[in-house]
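# requesting a structural model of the entry that follows:
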Amino acid sequence: FSNVCENAPAFTLSGGLPTEGDYSGPGVVDNIFDPSSVGAGTYSITYTYSEGACSGSDSKDIIVLAKPTVELSFTIDNYCEDAEAITLSGGSPADGDYLFEGSLVTIFDPQAVGPGNYDIKYSYVNDEGCSDTAQSTLIVNPLPVVSFDPIPAVCQNSGIVSITQGQPSGGGGTGVYSGSPNIDADGNFNTNTAEGIYNLVYTYTDINGCISFAEQSVEVIREPQAPTDISVSISEYCINLKPEEITLACEGLDDDYFWYENDFAGVAIGSTKTLTITAPAVTTTYLARSETSCGNSDALSITVTVLPNPTAAFNATDVCDGNSVQFNDASFDNNDVITDWNWDFGDGNASTDQSPEHLFTGFGVQNIQLIVTNASGCVDTLQQTVEVFDNPSAAFNLTTVCEGTASEFFSTSSAPASAIFFAPFFR
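A predicted model of the protein is given here:
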């Protein structure tokens, strides 16, 4: 018999003559010898042949060789899917072969195979030609799925803001924040820094030691900066000289400033450093301030003063031709002092007296204009009429009669334009 290894498969014994005999001995069943059932050692196998009542036998030894003791133990059996390729080791005795999915290999690449459990075999053949195989599993773990949600803008100098948008957190793993000296590992962001965009990193290490990260940015918004100067193109005018538009302007560090009328109760009328608007008809104060999501700055204000006009008024009595007309000024100004009176009598004559007297050279309706000016230069104009009546010329005729007889009187009076009314008077 040839030597066999103890882990060899069972086989049918042969070699006995004449044939058709029977084998017996340790590990033999129905002429089949199973080395694994007896283990390593030397075993006597007997061959017996019978013919009729006669029989004979012979015995030979068969040597069962011990299989080698093969082990496979990996120092590290867990890898992350982004790990570099590794050279396989850990098989004993040395100088055996590693097999993965039926192929001889020396390298195992987690990135190439991806997450999963992979059986690695180690095969060794000893000097006597006996072999055995050991098997161990390498685990490739998936990388954790890490997200970093958008972070709302934060206000400058608002203290410590807790950043919690990095996920996952907990779950047996550890997440840490980094990327800026303004943030600690726990996500505490210090806003006491310059305005701008800060890039942050959230790194998560799971229970298998696999690491992934995500990036996000946070904007630090500057505190609103108060305007440093404010101006207006026209700051004072009379209502009768009101311009179509005025232009408001302010200076400051911020790009935009919000404008309001009189107070902040209403909506802003504009949000630029320079703002052109319809000129107000009444005195109005304009306020400008910076507004951001971080609050409002202090404000500057400027007032546009609209000066009211004086009210022109006068009275005069109609007169008969040849009589002077007395013009009595009744103008008034509740806010200022009237300083100038300019009369136009409509006949080419004028006066700057407050209450002048004027003699018209003819009769008729006279168009009078009075312009009054106050100390601020605001004016008002009034036009009204005064009538100079034409004088009648009285005359009459009568008949001469005897005493006791009525006399007739015939008026021959006349007037240039007016109707004549008679009022006889006898004496």
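# tell me the contacts of residue 388?
318, 319, 320, 321, 323, 325, 360, 362, 363, 364, 366 (C-beta atoms under 8 Å, 6 or more residues apart in numbering). From N, CA and C alone the C-beta is placed, and that goes for glycine too.
# and residue 111, what element?
For residue 111, the element it lies in under DSSP states H and E is helix 110-113.
# quick one on the thing from earlier: buried subset of the contacts of residue 388 as a ChimeraX selection?
In ChimeraX, this line selects whichever of those come out buried by 16 or more other C-beta atoms under 10 Å:
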select :319,321,325,360,363,366
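# neighbours around residue 36, how many?
Around residue 36 there are 14 other residues, counting by other C-beta atoms under 10 Å.
# that's a helix at it, yeah?
Yes. The assignment for residue 36, made by DSSP: H, G, I helix; E, B strand; the rest coil, places it in a helix.
# out of the contacts of residue 388, which one sits closest to residue 51?
residue 366 (177.4 Å; C-beta to C-beta).
# quick one: residue 122 and residue 95 touch, right?
No. Residue 122 lies out of contact with residue 95 (C-beta atoms under 8 Å); the separation is 10.7 Å.
# who has more neighbours out of these two?
Taking other C-beta under 10 Å, residue 122 and residue 95 do not tie; residue 122 has more neighbours (23 against 7).
# tell me if that one really is in a strand.
Yes. The assignment for residue 122 (three-state DSSP) places it in a strand.
# distance check, it against residue 131.
For residue 122, the distance to residue 131 equals 11 Å [C-beta to C-beta, to the nearest Å].
# need the residues touching each of the two.
Counting by C-beta under 8 Å, 6+ apart, the shared contacts of residue 122 and residue 131 are residue 70.
# name the residues of stretch 339-350 that come out as buried.
For stretch 339-350, the neighbour count (16+ other C-beta under 10 Å) marks 341, 343, 344, 345, 346, 347 as buried.
# now do the helix or strand harbouring residue 42: which elements does it pack against?
Residue 42 is located in strand 41-51, with elements delineated by DSSP H and E. In this structure, strand 41-51 packs against strand 22-24, strand 54-65, with contacts taken as 3 or more C-beta pairs under 8 Å, 6 or more residues apart in numbering; DSSP states H and E.
# can I get those strands in TSV with mean pLDDT, mean neighbour count and distance to residue 180?
TSV is the format used below for the helices and strands packed on strand 41-51 (pLDDT from 0 to 100; neighbours: other C-beta atoms under 10 Å; distance: least, C-beta to C-beta, whole Å):
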stretch	mean pLDDT	mean neighbour count	distance to residue 180
strand 22-24	96	17	84
strand 54-65	95	14	69
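# let's have the ones you listed in CSV, adding distance to residue 138.
Shown next, in CSV, are the helices and strands packed on strand 41-51 (distance: least, C-beta to C-beta, whole Å):
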stretch, distance to residue 138
strand 22-24, 45
strand 54-65, 32
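# starting at the chain centroid, how far to the helix holding residue 111?
42 Å (C-alpha atoms, centre = their mean, to the nearest Å).
# list the buried residues for that helix?
residue 110.
# next: stretch 125-136.
For stretch 125-136, by 16+ other C-beta under 10 Å, it's 126, 130, 131, 132, 134, 136.
# and for stretch 299-313?
Across stretch 299-313, burial judged by 16+ other C-beta under 10 Å covers 299, 300, 302, 304, 306, 307, 308, 309, 310, 312.
# check stretch 290-301 too.
Neighbour counts over stretch 290-301 (16+ other C-beta under 10 Å) mark 290, 291, 292, 294, 297, 299, 300 as buried.
# what's the closest of those residues to residue 179?
Nearest to residue 179 out of those is residue 294 (C-beta to C-beta; 22.7 Å).
# I'd say that closest one and residue 156 touch.
Yes. If you go by C-beta under 8 Å, residue 294 and residue 156 touch, sitting 6.9 Å apart.
# which neighbours do those two share?
Common neighbours of residue 294 and residue 156, using C-beta under 8 Å, 6+ apart, are 221, 222, 223.
# residue 357 - how many residues pack around it?
Neighbourhood size, residue 357 [other C-beta under 10 Å]: 12.
# give the contact list for it.
Counting by C-beta under 8 Å, 6+ apart, residue 357 makes contact with 324, 325, 326, 327.
# kindly report the same for residue 227.
Contact partners of residue 227, counting by C-beta under 8 Å, 6+ apart, are 250, 251, 252, 257, 288, 289, 290, 297, 299, 300.
# ok, now residue 307?
So, once contact is read as C-beta under 8 Å, 6+ apart, residue 307 ends up touching 236, 237, 238, 239, 335, 336, 376, 378.
# for it, give the beta-bridge partners.
Legend: beta-bridge partners of residue 307 under DSSP bridges are residue 238.
# could you give the number of residues near residue 26?
15.
# contacts only, for it.
Residue 26 is in contact with 38, 43, 44, counting by C-beta under 8 Å, 6+ apart.
# try 7 Å this time
38, 43 (C-beta atoms under 7 Å, 6 or more residues apart in numbering).
# again, but for residue 314
327, 328, 329, 330, 370, 382.
# how near is it to residue 335?
From residue 314 to residue 335 the distance is 20 Å (C-beta to C-beta).
# same deal with residue 365?
Applying C-beta to C-beta, the value for residue 365 to residue 335 is 34 Å.
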